[in-house]
Structures are given as C-alpha cells and as structure tokens.
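K.L.:
coordinates for the following, if possible.
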Amino acid sequence: MKKENENFFYDYKVDDENRLENVFWSNASSRAAYADFGDCITFDTTYKSNKHHLPLAVFVGVNNHLQSTIFGVALMGNESEESFKWVFSRFLECMGGKQPICILTDQCPAMAKAIPKFFPRTLHKFCRWHIMNKHKDLLKKLYKLFPDFKDQLTAILNHPLMPSEFEDAWKALIEKYNLHDINVMINLWAERKLWISAYWKEVFCARMTSTQRSESMNFVLKRGFVTERDNLHIFAKQVNNCVQARHEAENAEANASTGTRKTVTRYGFEAQVMDKYTRAVYSVFRERQYHSTAFRIKTSQDNPNNYLVHHYNQSKEFAWSRHEFRVLADEAEGRYECECKLWEHIGLFCHHVIAVFEHLRLDEIPSKYILQRYTKDAVTNPDFNRRDYRTTTEDGTSIEYRRTILYSEAVKIINKGCSLEAKFQIALSAFRDANSRLDNEDAELENNEDAEMENNEQSSNQDNTT
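P.N.:
Residues are numbered from 1 along each chain as shown. Alright, predicted model coming up:
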C-alpha cells in the first residue's frame, strides 16, 4: 500500500523476542477523510477477527453522507494501558496531531486512563449503545415485566431534555414503576453524566452520541470481510477491501446527491438547504421539518425575538412534550438559537427552530449555521492524494480504460445471452468459468506471497539465532 501511495501510514511494535505486539495503519483515503470529518470519533475493540485472536481496534467517524467511515485500524497484543497509549500515539502522528472534539468508547478502564494523556483537549464519553448493551439482559426483564417501560425509557433518552428535566423525568419513571432498588437502574443513574448527552449538549458530536458506529463497523468487518482463520496479511487485505467498499458506497451517495430534487414547500430556507446539503443530510432536515409541524409557537411577552415552542400534545406521558422550548430568532442579527442546543450538539437544527423558520417565512439561513462537513463540498485539500491505488497499471495502461473495455464486452454477452435459453446457458457458463479462473489466479498470487513471507520470516529467525 505504501508503494501505491506514499500517504499510506503504518507502524508496528515488537516485543523483546521480536514478536509482533501492536500494529496500526491508515489508508491515504482514511487520513484524508479524518481531515474532513475527524471532529468526533468512536473507538472500539473486538475479538476473533484474525487467526491470532488479537483485538481489532477501529477508529470510526461519520462523513457528509452520514455514513460510517474508517479513519484507522489497529491490532493489539492486549488491552493494557500501554497498548492503548501506543495506538493513540500512532493515530495522532498519522493525523498530524489533530485531536477530535469528542471521542466515544466503551467502559474499558485501561482505555479511559490512556485517552486524556494523548487527547487532553478531547471530551471522552461513553457510547450509549455500549452502556445499554452491558445491561441488556436485566433491562429485558423489566421490558417484559412492564410492557410500556421500554417506550418510556427510550423517550427520556432520545428527546432533547435539559439536565434538570432529564433528572425529573428519570425520577418520575423510577417512581411510576417502583424501581428504586433495582440495580440496573441504580447503575445507569450513577453513570448518567458519562453517557447522557443532556449533560454535554454544548459539545459537538456529529450525530454520534446515540449510535454504535464502531460496533457496527466491527460487525461489518467480521460479517463480510475478515474471519478468525485469517493470517495477518490476509486480514490486512480484507480490511482494505472493506475500506474500498465503503468508498464505493460513499461515491454512489455523492453521485446521488448531484441529482435533481424538488422541495416539498416553497420556503426559501428549504431550497437553500436542499442546494447545500447532501441528499442524506437534506433527508434528515426534511424529516425534522415534517415533525416541526406538530409544534405550536407563542411570542414571548418579554422580547419579540423570543419564542416559546411546545408540542401540540402536551400529555403527561412524556416529559419532553410538556416543555416549552425557548427559541431566539433575531433576523436582524442572524441569530437562531434554541435552549435544547441540538444545533450546538450535532450541527443540524431542531424541530423547534425549524418551526420558527416556518413561522417567520424565512428566506435564507445564515451561512454560519450550514456546516461544511454536511455539504456536498465537504471534501477539502484537493492536493492530498486520496487514492489508495494507482490509476494505471505497470505498463501505463489506464485501469479505467480496462474497466470500460471489460464492461463493454460483458454487456454484449449479457444482451446476446438473454434471448434464448441455450444462449443464456452459454453466457452463464462463460461468466462462471472466467470467475473461477480469476479466483485461481488470485489464489496463486496469495500462495506466492505466503511463501515469500515465510522465507522472509525464516531468514529473520536465522539472523536472530546467529
């Protein structure tokens, strides 16, 4: 990979007996993605992803299409504080010292000790998915015992409550179901400031607080690319294949974002965000705009630029529906703020502010509120070579040219093979035969690489003994 692009980064550490202890690497495309979207990351480890059962650690973020993107990968000899320190130091060196605003992890004590030493300016919080997953068996018993409990708990976790309101809602939930002495609820409450976003809403997290991006990326890797039977060099290749598959999905979404779309309303601000945002982000905005119609607005008597926004269904079931959110909308100064602080937290407007936009018939949202990381033009630094592979072969032939020729020939065979059953069988057999021969060619190349690596290891061992 280093030969393909000098911006590929890797490093490794061996123990006193020259055995591999830790290894970290990041593709050129991953390093470029971190430059654009490294404001918030998740970091997680998982097991049984390779032959040697080394823990796999993945740094993951979210791009402008709201897709998970891999920033870096590591294999660790163990999950000690020293191993985490080494991995974090390599990650920072790889990324030019840039620290994320926020990092979400599981509750590993060794990891928690290492993070502040290398990310002193980064807010470290626990991923909600990990917290809930740790207690899932005990929570399932409560869900079964109280049919409405899960919806009540989810509403408290998902909706934009203030810290005091979250605490009141939680205490009301405990009181309603008489859960004062239930250990799982006691433990969740004790750790609340480490995973409940109500306590750190002013910190940007790029929509990652309630997701499990590292965990889901580990699942993708283990489900579709790597197995616990893989040797390390095969494992590395498969991880790279996963990175390339993610890029293909990203490119497909980027192309889709260039298509023609229509606004649902005639509000000027909706046309503006449709033009600026990617398709995925605009879809989130449209969903919020739809739900914003369920909110009612009152002008504050104290200040004509202040509005009180509440849900039309102010029921007693959910605390969030009873709250009146204060929204500042100063068109002259171009200031739009809500006390729920969703924009500060994820960079996208809440239902309450959007409801006020519609109330004011706003033509244009100030540009400072349209974060570049969510736009079609989010990718920066065009001078950085993001390609993980060369675009030409060794003889100078363009890979895209070869792709075009092969695609053209394949289409010809498909068109001819569709007309009759006999032709279909001939075409299908030809494709399967070609695919089998290509697999054999790949296997032969891998065997040659295995033999070369084994010879290198034997030579290295001989050198160590002498």
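K.L.:
pull the number of nearby residues for Asn18.
P.N.:
11 (other C-beta atoms under 10 Å). Any C-beta I mention is one placed from the backbone N, CA and C, and that applies to glycine too.
K.L.:
then stretch 278-292 to CSV, C-alphas only?
P.N.:
C-alpha atoms of stretch 278-292 as CSV (Å, rounded to 0.1, in the frame of the first residue of the first chain):
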residue,chain,number,x,y,z
THR,A,278,-26.0,16.2,0.7
ARG,A,279,-29.0,14.1,-0.1
ALA,A,280,-28.8,12.2,3.2
VAL,A,281,-28.5,15.3,5.4
TYR,A,282,-31.3,17.0,3.5
SER,A,283,-33.5,14.0,4.2
VAL,A,284,-32.8,14.4,7.9
PHE,A,285,-33.7,18.1,7.6
ARG,A,286,-36.9,17.2,5.7
GLU,A,287,-37.9,14.7,8.4
ARG,A,288,-37.4,17.3,11.1
GLN,A,289,-39.3,19.9,9.1
TYR,A,290,-42.2,17.4,8.8
HIS,A,291,-42.3,16.8,12.6
SER,A,292,-41.9,20.5,13.3
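K.L.:
contact partners of it?
P.N.:
64-67, 253-254, 256-257, 259, 261, 264-265, 270, 273-274, 277, 348-352, 354-355, 358, 374-376, 378 (C-beta atoms under 8 Å, 6 or more residues apart in numbering).
K.L.:
those, buried ones only, as a PyMOL selection?
P.N.:
In PyMOL, a selection of the buried entries from the contacts of stretch 278-292 looks like this (16 or more other C-beta atoms under 10 Å):
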select buried, resi 64+65+66+67+253+254+257+270+273+274+277+348+349+350+351+352+354+355+358+374+375+376+378
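K.L.:
burial check on Glu333, number of neighbours?
P.N.:
Look at Glu333: counted by other C-beta under 10 Å, it has 10 neighbours.
K.L.:
pretty sure it belongs to a strand, no?
P.N.:
No: judged by DSSP: H, G, I helix; E, B strand; the rest coil, Glu333 forms no part of a strand; its state is coil.
K.L.:
in contact with it, which residues?
P.N.:
Applying C-beta under 8 Å, 6+ apart, no residues qualify as near Glu333.
K.L.:
could I get the pLDDT score of it?
P.N.:
For Glu333, the pLDDT comes out at 95.
K.L.:
and Leu420, by the same measure?
P.N.:
90.
K.L.:
helices - which of the contacts of stretch 278-292 land there?
P.N.:
Residues of the contacts of stretch 278-292 located in helices (DSSP state H): 253-254, 256-257, 270, 273-274, 351-352, 354-355, 358.
K.L.:
adding pLDDT and distance to Cys108, write those residues out as a markdown table.
P.N.:
Formatted as a markdown table, the ones in helices among the contacts of stretch 278-292 follow (pLDDT from 0 to 100; distance: C-beta to C-beta, whole Å):
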| residue | pLDDT | distance to Cys108 |
| --- | --- | --- |
| Glu253 | 89 | 33 |
| Ala254 | 86 | 35 |
| Ala256 | 86 | 38 |
| Ser257 | 86 | 37 |
| Glu270 | 96 | 44 |
| Val273 | 96 | 39 |
| Met274 | 96 | 42 |
| His351 | 93 | 36 |
| His352 | 94 | 37 |
| Ile354 | 97 | 39 |
| Ala355 | 96 | 41 |
| Glu358 | 96 | 45 |
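K.L.:
strands of the stretch 1-150 of the chain, start to end?
P.N.:
Ranges of strands in the stretch 1-150 of the chain, per DSSP state E, counting those that start in this stretch, are 9-14, 20-26, 40-46, 56-62, 68-76, 102-105, 123-126.
K.L.:
among the ones you listed, which is nearest Val239?
P.N.:
Proximity of the strands of the stretch 1-150 of the chain to Val239 was assessed by C-beta to C-beta; the nearest stretch is strand 68-76, lying at 5.5 Å.
K.L.:
can you list the strands that that closest one pairs with?
P.N.:
Here strand 68-76 has these sheet partners by DSSP bridges: strand 20-26 (antiparallel), strand 56-62 (antiparallel).
K.L.:
what mean pLDDT does it get?
P.N.:
Mean predicted confidence for strand 68-76 is 92.
K.L.:
kindly report the same for stretch 126-144.
P.N.:
90.
K.L.:
okay, and the beta partners of the spatially most central residue of the chain?
P.N.:
Centroid-nearest residue in the chain, with C-alpha atoms, centre = their mean: Ser68, separated by 3.2 Å. Here Ser68 sits in beta bridges with Val62, going by DSSP bridges.
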